[in-house]
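In: my questions are about this predicted structure, shown below with the sequence.
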Amino acid sequence: MNDEPLTKAEVVLPTSDLRADLPFFGKTLKMRMDMIYPADDPSVAVFSGHGLRVRLEQGDGIPGHLRLLTDEPMEQTDMQAPGGTRVTVHPLHPPLELPTTEHAFVVRRLADQAPWVIGRAGMHYRDLIPSRLGGSIIASHIRIPDGGPVPDMVHFHRVGFQLIFCYRGWVDVVYEDQGPPIRLTTGDCFIQPPEIRHRVLEASDGIEVIEIGVPAEHITEIDHDMTLPTPDLRPDREWQGQRFVFNEGAKVPWETARLPGFIARDTTIATNTQDVAGVMVLRRGKGAPQWSTHDADIHFTFVMEGGMTLEGEGKDPYRLEPGDAFVIPPGLRTRYSDPTDDLELLEVTLPGNPATQQG
């Protein structure tokens, strides 16, 4: 039986000097020659290697560019073949780069009618931090207008931190080593550790989630080989020091918050990410709200229910309603004044458990 594949694909690159390119592709790039012709005066050569099949054709043309992805050290990372092809070498698994936060006081209101953009798997995205604080964070309000099966694939994200908080409705998601599909309902949240494989399966009509990603620009990769759910249940597994978290809001008690006049529900995310980030839900408590400052690098809040006036020292006050969001830079005195009795806030801080000073 012939085991040769029925089809093959080649990248065609023009070369102005095929003879000189042969040792470059063979010895320098360590690729295997598979074909060359005609024998008396070669004008075509085919090489394979690094997951690629390259066809060099003698003649005029715009030189090509090959990106080689490897974790093996190479003497040069930017080369040019004698025939003109440029070759650059890049890490197969590049380290995650976390940009320095560009601190700013940010208020984003739903009434400002920022556009909804159709993104991955047909989901609608609204950007909650347009500046993204210099690329350090992305906060998205995501909705799926029509419920039902979601056209998603098994994938993962190369991130430092990622939160999925269910704001409205429900969504079913399956995760690597976490058992059968899990239904996330209003008030629940997931922490997706870096590179955990997962897939969104189905959602209710009008599902809305808040998604936080650090850094703002991060890679999503499809895993074509893994089938979910995986056979083993490993709730204590860690991905880069973080555990998967499924926090069910209805089961968590309310406690005194670090801000006077409020109570808080801890999602346990600070504990399970080793204080990479903290996520709290705040409600109106007893006593009057006070002026305070914090020392978090990033302090993001989304108004889920009710209303309040956000006061910042030297800033105009903002009356905020459901769907609004804001960022408070470290050291800025603020106060959440005139909160309604039904006020509910989603607060995300990096790192977790920031110090807070009153007055």
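Out: That came in fine, so what should we check first?
In: can you check the pLDDT for Arg120?
Out: pLDDT for Arg120: 66.
In: my error: substitute Glu75 in the last question.
Out: pLDDT recorded at Glu75 is 84.
In: how many other residues sit next to it?
Out: If you count neighbours by other C-beta atoms under 10 Å, Glu75 ends up with 7. Yep, even glycine has a C-beta here, placed from its N, CA and C like the rest.
In: ok, now which ones touch it?
Out: Contact criterion C-beta atoms under 8 Å, 6 or more residues apart in numbering gives no residues in contact with Glu75.
In: and the residue most central in space within the chain, helix, strand or coil?
Out: Taking C-alpha atoms, centre = their mean, the centroid of the chain lies closest to Gly213, which sits 4.5 Å from it. Recorded secondary structure, Gly213: strand (DSSP: H, G, I helix; E, B strand; the rest coil).
In: equivalent analysis for Ala264, please.
Out: strand.
In: what sits against the closest residue to it other than its chain neighbours?
Out: The shortest distance from Ala264 to any non-neighbouring residue, by C-beta to C-beta, 6 or more residues apart in numbering, is to Ala257 (3.7 Å). Listed by C-beta under 8 Å, 6+ apart, the contact partners of Ala257 are 263-264, 280, 282, 285.
In: need the max-distance pair from the residues you listed.
Out: Farthest pair in those (C-beta to C-beta) is Met280 and Gly285. Separation: 12.7 Å.
In: ok, Gly331 touching Ser292?
Out: No. Using C-beta atoms under 8 Å, Gly331 is not in contact with Ser292, being 11.0 Å away.
In: compare the two (neighbour count), which wins?
Out: Ser292 (18 against 11).
In: distance of the more buried one relative to Phe326?
Out: Distance of Ser292 to Phe326, computed by C-beta to C-beta, to the nearest Å: 14 Å.
In: what about stretch 160-179, how long is it end to end?
Out: For stretch 160-179, the first and last residues are 24 Å from each other (C-alpha to C-alpha, to the nearest Å).
In: right, I mislabeled it, should have said stretch 123-139
Out: Terminal residues of stretch 123-139 are spaced 15 Å apart (C-alpha to C-alpha).
In: got any ranges where this structure has weak pLDDT?
Out: 1-6, 120-122 (pLDDT under 70).
In: domain-wise, how is it divided?
Out: If you go by automatic domain parsing, the domain ranges for the chain are 11-90, 108-243, 251-358.
In: off-centre distance for the last one?
Out: Translated: domain 251-358. Between the centre of domain 251-358 and the centre of its chain there are 23 Å (C-alpha atoms, centre = their mean, to the nearest Å).
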